[in-house]
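Chemist: Sequence isn't available, so here's the structure alone:
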């Protein structure tokens, strides 16, 4: 039982690499196998969550980069073209809408 407590405590603390080796049979062996299966499933799930989190982070960074690019392009356009203030305001609003859409995807 000491081994079971040790592994379950390790898993509770986030160590999903622990597994039990039990030399007995019956309910204790079944419990050990169930704990090992649970730990393996948790490890797979944790890997998947980490992978999704990385992908989301990459997309957020890409959106921020695109937003910065749009901002720079807008500045260049406004410097080169003498536009009325209401047109400038509309362009800025449109750029914000585009940036929001990109963040949402």
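Modeler: That came through fine. Computed from a prediction, not measured in an experiment: that's the story for all the values here.
Chemist: Could you list the low-confidence segments of this structure?
Modeler: By pLDDT under 70, the low-scoring segments of the chain are 1, 78, 105.
Chemist: Residue 39 is in contact with residue 12, isn't it?
Modeler: No. The criterion here is Cβ atoms under 8 Å, and residue 39 misses it with residue 12 at 10.7 Å. Using the backbone N, CA and C atoms, a C-beta is placed for each residue, glycine as well.
Chemist: Of these two, which one has the most company?
Modeler: Ranked by neighbour count (other Cβ atoms under 10 Å), residue 39 and residue 12 place residue 39 first, with 20 against 8.
Chemist: Contacts only, for the more buried one.
Modeler: Residues in contact with residue 39 (Cβ atoms under 8 Å, 6 or more residues apart in numbering) are 7, 11, 16, 18-19.
Chemist: And for residue 56, the neighbour number?
Modeler: Counted with other Cβ under 10 Å, residue 56 comes out at 10.
Chemist: three-state assignment of it?
Modeler: Under DSSP: H, G, I helix; E, B strand; the rest coil, residue 56 falls in the helix class.
Chemist: mind putting the contacts of residue 39 in JSON lines, distance to residue 45, neighbour count and secondary structure included?
Modeler: Putting the contacts of residue 39 into JSON lines (distance: Cβ to Cβ, whole Å; neighbours: other Cβ atoms under 10 Å; DSSP: H, G, I helix; E, B strand; the rest coil) gives the following:
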{"residue": "7", "distance to residue 45": "18", "neighbour count": "19", "secondary structure": "helix"}
{"residue": "11", "distance to residue 45": "12", "neighbour count": "18", "secondary structure": "helix"}
{"residue": "16", "distance to residue 45": "9", "neighbour count": "18", "secondary structure": "coil"}
{"residue": "18", "distance to residue 45": "16", "neighbour count": "17", "secondary structure": "coil"}
{"residue": "19", "distance to residue 45": "16", "neighbour count": "13", "secondary structure": "coil"}
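Chemist: Nice, that's everything, thank you.
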